[in-house]
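>>> just need the structure, nothing else, for what follows:
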Amino acid sequence: MTEKIPQTLADLQDGLRERKQAEDNLFQFRKVMDESSDAFFLIDLETSRYIDFNKSAYEILGYSRDELAQLSVMDIAENIKSPEVWREQVELVRAKDGLLFESNYHRKDRTVFSVEVSARLLDYGGRDIMVAFVRDISQRKWIEKEREDLINELETKNAESETLRRSLASIVGTLKFTEIIDRILEEIRHVIPYDTASVWRVEGTQQYIITGVDLPPEIEIPGTTFAVDENNSAYPLIMGTLPYILNNNVQAELTDFQESLHNYVHSWLAIPLKTRGRVIGLIALDGKSRDQFTGHHAELAVMFANQLAIALDNARLFSEFQNELEERRKLIAELETKNAESETLRESAAIVAETLEKSEAIDRILDQLERVVPFDSASVQLISGSMLEIVSARGFELSASKSENCFELDQNEPAYPVIQGSLPYVLYEDIQISVSAFTEIPHNRIHAWMAVPLKVKGQMIGIIALDGYRVGKFSERHAQLAVTYANQVAIALENARLFSDLQAELSARQGLISELENKNAELERFTYTVSHDLKSPLFTIRGFLGYLGQDALSGNYTRLKSDIQRITDATDKMQRLLNELLELSRVGRLKNESTYFPFTELAREATELVQGQIMARSITVQIDPNLPQVYGDRPRLTEMLQNLFDNAAKFMGDQKQPRIAVGQAGEDSESGNPIFYVQDNGIGIASEHHERVFGLFNKLDPKTDGTGIGLALVKRIIEVHGGRIWVESESRKGSTFFFTLPTQPRLDSVL
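Numbering: from 1, shown residues only. Below is the predicted model of the structure:
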């Protein structure tokens with residue numbers, strides 16, 4: 001006994017050490033678990049009470065450690081409502097050897113958050129307990145919900161976009177009025193939850209229904225109309241004061257919906273149909289429940305309405321376009337027929353005019369006529385004494401015997417009224433009824449028949465006879481065409497001889513017309529300037545003559561002298577204008593004797609005449625010493641150069657080193673005459689005025705000195721010499737006037 005005591009003490013000490021070790025291990029384990037962000041629970045399987053837990057467990061639940069120690073899983077977990085449910089959960093964990101699931105936990109403040117639970121069973125001191133690791137996943141759940149909401153929103157928007165795309169495609173695919181409306185309403189229903197719908201057209205003070213979807217049978221389509229007035233709930237929409245009308249409590253707020261036809265409507269969305277800024281109708285969407293539509297639905301409906309309005313307008317335009325096309329097709333067909341007829345006549349005249357051989361012309365007649373008149377056979381018959389002779393045929397062979405191709409020209413001949421000139425043509429629907437000879441071979445197959453005259457200078461030379469094997473084959477139009485054609489051919493034959501002379505005369509006339517047009521235009525400008533520019537100094541003279549009397553009476557001799565000077569200046573301006581007009585009129589009418597002379601000498605003479613202006617502006621003049629000899633009216637050409645130099649000096653601007661150059665720039669490719677130039681480095685001329693500067697009285701700057709005749713005079717002098725003039729220039733880059741002059745007399749020259 002005494003010996004066992006030490007052993008027992010030793011065992012007790014070992015047990016205490018093991019327990020101490022276990023407590024230390026548990027302490028270390030709890031310390032580690034307290035550092036974890038996830039909640040850790042040890043749970044009694046029988047009562048679901050918490051045996052132990054870590055720091056995160058009571059912190060995320062909002063309890064103190066002591067408070068949580070008094071609770072069980074049924075107090076915290078939303079999915080564990082009773083002991084029976086808890087036992088089922090335990091058995092499920094036992095059967096699956098562990099379980100991972102999601103649940104909702106209640107905090108102390110009764111707020112709920114989502115958790116993920118990992119549970120398994122554990123032997124704890126000889127009995128089973130449940131170990132549960134719990135993670136707060138509310139943030140993850142929020143993110144997942146946001147993502148799900150975003151996906152749903154994107155899917156909704158995608159559905160709306162797809163609906164819009166389909167509706168647009170359906171509109172593009174058809175231009176039928178009713179089909180467009182039906183398709184649009186069908187597509188709208190995919191994105192806007194309406195119960196009934198209708199489309200209305202507005203004309204004046206009336207609103208007419210066009211179509212509808214699921215409307216009560218009492219609403220007649222067509223037939224139902226509303227007055228467009230202030231009692232109409234759509235009135236602000238129709239007047240254009242609202243982009244749409246959205247009312248989710250119709251029965252309480254809109255009186256016109258309380259009538260029997262519309263009292264089923266509780267939500268109402270109306271959108272205008274506009275084309276080119278004008279309201280032409282509206283779409284009405286009805287809901288049988290309150291608050292059925294949203295602002296987003298309204299915005300979608302506006303987009304659909306815009307598409308529908310465009311489609312309706314396009315359908316109207318398409319219908320009008322189709323009608324117009326049909327009219328145009330008819331017109332084009334008629335024009336093509338007439339064009340073919342006219343082209344045939346033109347070609348016929350051209351073909352016949354190419355030859356003066358009678359036989360060849362006759363053969364070509366029928367070739368052309370067949371293009372516009374549907375004959376089966378035809379013949380050209382010429383008058384020979386008292387006989388008609390067939391000289392050309394189509395559709396049958398002429399007899400080898402000339403006598404068999406001749407007919408007696410008497411009153412029994414069906415073409416006799418035409419030959420005698422009493423009828424413009426003869427047309428039979430069925431000649432066999434009237435002329436017995438056509439019932440016999442070889443004419444018995446002919447029923448429709450007509451004859452048109454061939455005349456030259458009013459003299460009848462024969463007929464063209466056209467045969468149709470079917471009754472009524474020819475119309476009055478065919479007969480008129482044949483007459484016109486025959487006349488054209490006869491005229492062409494007669495005119496062939498005169499064609500060449502006529503062409504020459506036409507060419508001369510065209511030149512005369514062109515010249516007269518130019519003279520007319522110049523005369524108009526001349527008349528305007530004389531009436532305008534001469535009036536200005538006259539008004540000045542008249543005005544200051546009135547002042548002279550006042551100045552004389554008042555004794556104001558200084559002002560009297562100033563008034564006299566203004567009158568003198570005005571008369572000088574009139575004199576200068578009249579002198580230049582007189583000078584212009586003399587060009588080409590009063591001439592000096594033409595001679596040969598070097599152009600270099602001419603340029604130097606002209607320079608001397610404007611020496612005062614050149615020196616006043618310190619202008620350097622460069623003249624090429626090797627310019628060729630020209631032929632012409634030397635005084636006039638000197639005057640021409642003088643005007644060019646004067647123009648260059650006048651528009652030199654603020655150029656610090658003004659310069660004028662005279663030289664040659666090759667030869668004209670058409671005439672072979674030398675091309676001269678006068679070049680300056682002045683203010684230049686904008687490209688849009690290059691032609692205008694040569695016009696009579698055209699002054700680019702009204703403030704400058706001069707009458708606007710100078711360059712017109714230059715152009716006239718050069719053209720009288722058979723040359724031409726043009727300018728190359730840009731603003732602020734100087735101007736170069738090019739002109740050509742002859743070196744020899746022209747054959748048609750009067751110089």
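
>>> state which strand of the chain is the longest.
strand 112-124 (DSSP state E).

>>> so which elements touch it?
strand 39-44, helix 83-96, strand 99-106, strand 127-136, helix 138-173 (3 or more CB pairs under 8 Å, 6 or more residues apart in numbering; DSSP states H and E). Heads up, the C-betas are built off the backbone N, CA and C, glycines and all.

>>> switch the cut-off to 7 Å
helix 83-96, strand 99-106, strand 127-136, helix 138-173 (3 or more CB pairs under 7 Å, 6 or more residues apart in numbering; DSSP states H and E).

>>> pick out the shakiest of those, pLDDT-wise.
When those are ranked by mean pLDDT, helix 138-173 comes last with a mean of 64.

>>> next SSE downstream of that one?
helix 177-191 (DSSP states H and E).

>>> just the residues contacting the helix or strand that that next one is followed by, thanks.
Using DSSP H and E, the helix or strand that follows helix 177-191 in sequence is strand 196-203. Here strand 196-203 makes contact (CB atoms under 7 Å, 6 or more residues apart in numbering) with 181, 185, 207-215, 228, 238, 279-286.

>>> I would like a ChimeraX command selecting only the buried ones among these, please.
To isolate the buried ones among those in ChimeraX, judged by 16 or more other CB atoms under 10 Å, type:
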select :181,185,207,209,210,211,212,213,215,228,238,279,280,281,282,283,284,285,286
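
>>> helices along the stretch 351-500 of the chain, start to end?
358-369, 416-419, 431-434, 476-495, 499-533 (DSSP state H, counting those that start in this stretch).

>>> need the contact list for Ala305.
271-273, 283.

>>> I'd like to know which of the residues you listed is nearest to Ala451.
Leu273 (65.6 Å; CB to CB).

>>> so where's the stretch 601-750 of the chain shaky on pLDDT?
For the stretch 601-750 of the chain, the stretches flagged by pLDDT under 70 are 695-709, 746-750.

>>> so how far is Gly462 from Ala424?
Not Ala; residue 424 is Pro. Per CB to CB, to the nearest Å, Pro424 is found 15 Å from Gly462.

>>> hang on, the earlier thing: strands paired with the longest strand of the chain, and their directions?
strand 99-106 (antiparallel), strand 127-136 (antiparallel) (DSSP bridges).

>>> next, the buried residues of that strand.
114-117, 119, 121.

>>> what about Leu100, how many residues nearby?
By the criterion of other CB atoms under 10 Å, Leu100 has 11 neighbours.

>>> got the contact list for it?
Ser118.

>>> how far away is it from Ala132?
Counting by CB to CB, the gap from Leu100 to Ala132 is 11 Å.

>>> with Asp367 instead?
From Asp367 to Ala132 the distance is 111 Å (CB to CB).

>>> those two: which is more packed in?
Remark: of Asp367 and Ala132, Ala132 carries more neighbours, 22 against 14, as counted by other CB under 10 Å.

>>> so what sits opposite the more buried one in the bridge?
The partner residues for Ala132, given DSSP bridges, come to Phe41, Ala119.

>>> give the contact list for it.
With CB under 7 Å, 6+ apart, Ala132 has these contacts: 41, 43, 117, 119.

>>> so how far is the longest strand of the chain off the chain centroid?
Remark: strand 112-124 is offset 73 Å from the chain centroid, using CA atoms, centre = their mean, to the nearest Å.

>>> cool, and stretch 642-658?
48 Å.

>>> kindly report the same for stretch 413-430.
The answer for stretch 413-430 is 58 Å, by CA atoms, centre = their mean.

>>> ok, residues contacting it?
383, 388, 407, 409, 431, 434-435, 447-453, 460, 463, 465, 471-472, 474, 476, 479, 483.

>>> which of these count as buried?
By 16+ other CB under 10 Å, those give 383, 388, 409, 431, 435, 447-453, 463, 465, 474, 479, 483 as buried.

>>> sorry, back to before: quick check: the farthest pair among the contacts of Ala132?
Ile43 and Val117 (10.8 Å).

>>> related to what we said a few turns ago, what's in contact with the longest strand of the chain?
42, 78, 93-94, 97-107, 128-138, 141.

>>> same question for stretch 440-447.
Contacts for stretch 440-447 (CB under 7 Å, 6+ apart): 430-432, 437-438, 467-471.

>>> now that stretch: average pLDDT?
Stretch 440-447 comes out at a mean pLDDT of 88.

>>> which parts of that stretch are buried?
446-447.

>>> stretch 551-560 too?
551, 560.

>>> what of stretch 78-93?
80, 86, 89-90, 93.

>>> let's have the residues you listed in JSON lines, adding distance to Ala333.
Formatted as JSON lines, the buried residues of stretch 78-93 follow (distance: CB to CB, whole Å):
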{"residue": "Ile80", "distance to Ala333": "91"}
{"residue": "Trp86", "distance to Ala333": "95"}
{"residue": "Gln89", "distance to Ala333": "91"}
{"residue": "Val90", "distance to Ala333": "96"}
{"residue": "Val93", "distance to Ala333": "92"}
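
>>> pull the most distant pair out of those.
Top of the distance list for the buried residues of stretch 78-93 (CB to CB): Ile80 and Val93, 12.3 Å.

>>> what about Gly684, how many residues nearby?
19.

>>> same thing with Glu336?
11.

>>> wait, a helix at it?
Yes. Counting by DSSP: H, G, I helix; E, B strand; the rest coil, Glu336 is part of a helix.

>>> and it, how far is that from Leu602?
From Glu336 to Leu602 the distance is 63 Å (CB to CB).

>>> ditto for Ile245
Distance from Ile245 to Leu602, by CB to CB: 88 Å.

>>> who's more crowded, the two?
Per other CB under 10 Å, whichever of Ile245 and Leu602 has more neighbours is Leu602, with 22 against 19.

>>> who are the packing partners of the strand or helix carrying the more buried one?
Taking DSSP H and E as the criterion, the element that holds Leu602 is helix 599-609. Judged by 3+ CB pairs under 7 Å, 6+ apart, helix 599-609 is in contact with strand 620-623, helix 634-650.

>>> tell me which of the ones you listed sits nearest to Leu300.
The nearest among those, by CB to CB, is helix 634-650 at 71.6 Å.

>>> CA atoms only: put that closest one into CSV for me.
Provided in CSV are the C-alpha atoms of helix 634-650 (Å, rounded to 0.1, in the frame of the first residue of the first chain):
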residue,chain,number,x,y,z
ARG,A,634,0.6,102.1,-135.4
PRO,A,635,-1.2,105.0,-133.7
ARG,A,636,-3.9,102.6,-132.4
LEU,A,637,-1.4,100.1,-131.1
THR,A,638,0.5,102.9,-129.4
GLU,A,639,-2.7,103.9,-127.8
MET,A,640,-3.3,100.3,-126.7
LEU,A,641,0.2,100.1,-125.0
GLN,A,642,-0.3,103.6,-123.4
ASN,A,643,-3.5,102.3,-121.7
LEU,A,644,-1.8,99.2,-120.5
PHE,A,645,1.1,101.3,-119.0
ASP,A,646,-1.3,103.8,-117.5
ASN,A,647,-3.3,100.9,-115.9
ALA,A,648,-0.1,99.3,-114.5
ALA,A,649,1.0,102.6,-113.0
LYS,A,650,-2.4,103.4,-111.5
